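Student: the following comprises the amino acid sequence and a computationally predicted model.
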Amino acid sequence: MIFPIDKFKERKTPFYYYDTRLLNATLDAIEKELDGFDNFNIHYAVKANANPDILAIIANRGFGADCVSGEEIDAAVAAGIARSKIVFAGVGKTDDEINKGLDYDIACFNVESLEELAVIDELSGLKGKKANVAIRFNPDIKANTIEQISTGRKENKFGISVDLIDSVADALKHCENIVFKGIHIHIGSQILEMGDFVKLAATMNGLAGRLTARGLDVESINVGGGLGIDYHNPDEALIPDFKSYFDVFKRYLNLSDGQTVHFELGRSVVAQCGSLISRVVYVKQGCGKKFVILDAGMNDLVRPAMYKAYHAIDNLTSDGNKEAYDVVGPVCESSDVFAKDMMLNAAARGDLVAIRSAGAYGEVMSSNYNLRPYAQRYTDLTV
């Protein structure tokens, strides 16, 4: 990735930089894999990054949205994403959020419990409407990812146990204000092993067959998202392996005529196009190591502190020899560490640093802890 360093020097740090040229190239790669598969539908996962400029670009491609709050639905609609392409997931949808989805006439509620199904049925009836729903099942699939972002194990809070499939079928037949559309599974995030998605597809085939046998028409197959990116080598893998990902579902899903497949991609769409840009405040000599202290902190990018996540870091304004540094922020927490023993070009006060692959779950998870202001945003709309 090429950074406009001269423009960066004029800006107050820290800020999030988004390269929309890379975003558009990523969207091109997705569309290439969808060519000829008109029954495949993308719903961008707004939780990954809700930057209005990014949402508008995605909306212009005709993609839908996967939302997990009422506010995300508002953001998707404001960006121009068609309401008929918005799906709404989440284990704790409030009455207000459900009513908002009904008022917007969104495409589908991904229902995560029998209790939620009953509430949507009731609220729909009060409005004289019918709500489209997909049932989210928990398949108890262990994906090759970290515990915090695994969503398909039986101990996770998400979805309805596959053991309750008969109870689900019975409940659906007694809901007067529900239109059953299909099934939904999401097994986790940052998944790079295609075998995990093969397991997902096989589970989907089995669930669809069982529901069909109970007299339910499964129109929609929603396989969630979860495709990961290469955090260690962003420049060598700026665009994720969409071909291998989509090939799994082209090959292993047993689709009937008229069935549609839905994907909820987030991280793989936006992660590589975003970087957190920061300045070096001090270079500090510690006990046998050097610290690069940045003006960005864990309040700006919490992933390393929360998940022990790795982000590549580049010193943009130095061509000195590589040295090992602990790269840390100014927040009053020992966990405010972006990297340990990171090899950087020799650092000095005032250097500009890019924390890479921060376009997903970076800005959206930021806070003003320590009363630090939120990082600003610089979206490069040059195309």
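Tutor: Alright, I've got the coordinates.
Student: can you show me the strands along the stretch 51-200 of the chain?
Tutor: For the stretch 51-200 of the chain, strands defined by DSSP state E, counting those that start in this stretch occupy the ranges 64-67, 86-88, 108-111, 131-138, 160-161, 178-184.
Student: avg pLDDT for the fourth one?
Tutor: Pointing back at strand 131-138 there. Strand 131-138 comes out with an average pLDDT of 95.
Student: circling back: which one, of the strands of the stretch 51-200 of the chain, ends up nearest to N368?
Tutor: strand 64-67 (24.2 Å; Cβ to Cβ). Quick note: C-beta positions are derived from backbone N, CA and C, even for glycine.
Student: distance from that closest one to the middle of the chain?
Tutor: 10 Å (Cα atoms, centre = their mean, to the nearest Å).
Student: quick one: strands adjacent to it?
Tutor: strand 40-45 (parallel), strand 86-88 (parallel) (DSSP bridges).
Student: ok so, going back, save the strands of the stretch 51-200 of the chain as TSV, and put in mean neighbour count and distance to L276 too.
Tutor: Output for the strands of the stretch 51-200 of the chain, formatted as TSV (neighbours: other Cβ atoms under 10 Å; distance: least, Cβ to Cβ, whole Å):
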stretch	mean neighbour count	distance to L276
strand 64-67	29	24
strand 86-88	25	29
strand 108-111	28	31
strand 131-138	24	32
strand 160-161	17	38
strand 178-184	23	32
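Student: columns distance to Q285 on top of these, output as CSV?
Tutor: Converted to CSV, the strands of the stretch 51-200 of the chain look like this (distance: least, Cβ to Cβ, whole Å):
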stretch, distance to Q285
strand 64-67, 47
strand 86-88, 52
strand 108-111, 52
strand 131-138, 51
strand 160-161, 55
strand 178-184, 53
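Student: show me what the helix or strand that contains A29 is packed up against.
Tutor: A29 is part of helix 20-34, with elements assigned from DSSP states H and E. In terms of contacts (3 or more Cβ pairs under 8 Å, 6 or more residues apart in numbering; DSSP states H and E), helix 20-34 is packed against strand 40-45, helix 52-60, helix 242-252, helix 267-270, strand 376-380.
Student: for the third one, buried residues please.
Tutor: Okay, so that is helix 242-252. F242, Y245, F246, V248, F249, K250, Y252 (16 or more other Cβ atoms under 10 Å).
Student: which among the helices and strands packed on helix 20-34 is found nearest to D196?
Tutor: Proximity to D196 (Cβ to Cβ) singles out helix 242-252 among the helices and strands packed on helix 20-34, at 9.2 Å.
Student: give me the angle between the closest one and helix 20-34.
Tutor: Using axes from the mean of the first three to the mean of the last three Cα atoms, to 10 degrees, the inter-axis angle of helix 242-252 relative to helix 20-34 is 20 degrees.
Student: now the strands paired with strand 64-67 as JSON lines including distance to L164 and mean pLDDT?
Tutor: Formatted as JSON lines, these follow (distance: least, Cβ to Cβ, whole Å; pLDDT from 0 to 100):
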{"stretch": "strand 40-45", "distance to L164": "25", "mean pLDDT": "98"}
{"stretch": "strand 86-88", "distance to L164": "21", "mean pLDDT": "98"}
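Student: to P234, which of these lies closest?
Tutor: Comparing the strands paired with strand 64-67 under Cβ to Cβ, the one sitting nearest is strand 40-45, at 19.9 Å.
Student: can you redo the helices and strands packed on helix 20-34 as a markdown table with distance to G128?
Tutor: Below are the helices and strands packed on helix 20-34 laid out as a markdown table (distance: least, Cβ to Cβ, whole Å):
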| stretch | distance to G128 |
| --- | --- |
| strand 40-45 | 27 |
| helix 52-60 | 30 |
| helix 242-252 | 37 |
| helix 267-270 | 37 |
| strand 376-380 | 42 |
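Student: that older thread, for A29, find the nearest of the strands paired with strand 64-67.
Tutor: Closest among the strands paired with strand 64-67, once you apply Cβ to Cβ, is strand 40-45, at 11.9 Å.
Student: what ranges does the stretch 151-300 of the chain have for its helices?
Tutor: For the stretch 151-300 of the chain, the helices defined by DSSP state H, counting those that start in this stretch occupy 165-173, 194-213, 242-252, 267-270.
Student: what's the longest one packed up against?
Tutor: The contact analysis (3+ Cβ pairs under 8 Å, 6+ apart) places helix 194-213 against helix 165-173, strand 178-184, helix 242-252.
Student: can I get the helix holding A29 in PDB? Just the C-alpha atoms.
Tutor: Output in PDB follows, covering the C-alpha atoms of helix 20-34 (Å, rounded to 0.1, in the frame of the first residue of the first chain):
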ATOM      1  CA  THR A  20     -10.900   3.500  -1.100                       C
ATOM      2  CA  ARG A  21      -8.900   2.500  -4.100                       C
ATOM      3  CA  LEU A  22      -8.100  -0.700  -2.300                       C
ATOM      4  CA  LEU A  23     -11.600  -1.000  -1.000                       C
ATOM      5  CA  ASN A  24     -12.900  -0.800  -4.600                       C
ATOM      6  CA  ALA A  25     -10.300  -3.400  -5.800                       C
ATOM      7  CA  THR A  26     -11.500  -5.700  -3.000                       C
ATOM      8  CA  LEU A  27     -15.200  -5.200  -4.000                       C
ATOM      9  CA  ASP A  28     -14.100  -6.000  -7.600                       C
ATOM     10  CA  ALA A  29     -12.600  -9.300  -6.500                       C
ATOM     11  CA  ILE A  30     -15.800 -10.200  -4.700                       C
ATOM     12  CA  GLU A  31     -17.900  -9.400  -7.700                       C
ATOM     13  CA  LYS A  32     -15.700 -11.400 -10.000                       C
ATOM     14  CA  GLU A  33     -16.300 -14.500  -7.900                       C
ATOM     15  CA  LEU A  34     -20.100 -13.800  -7.900                       C
END
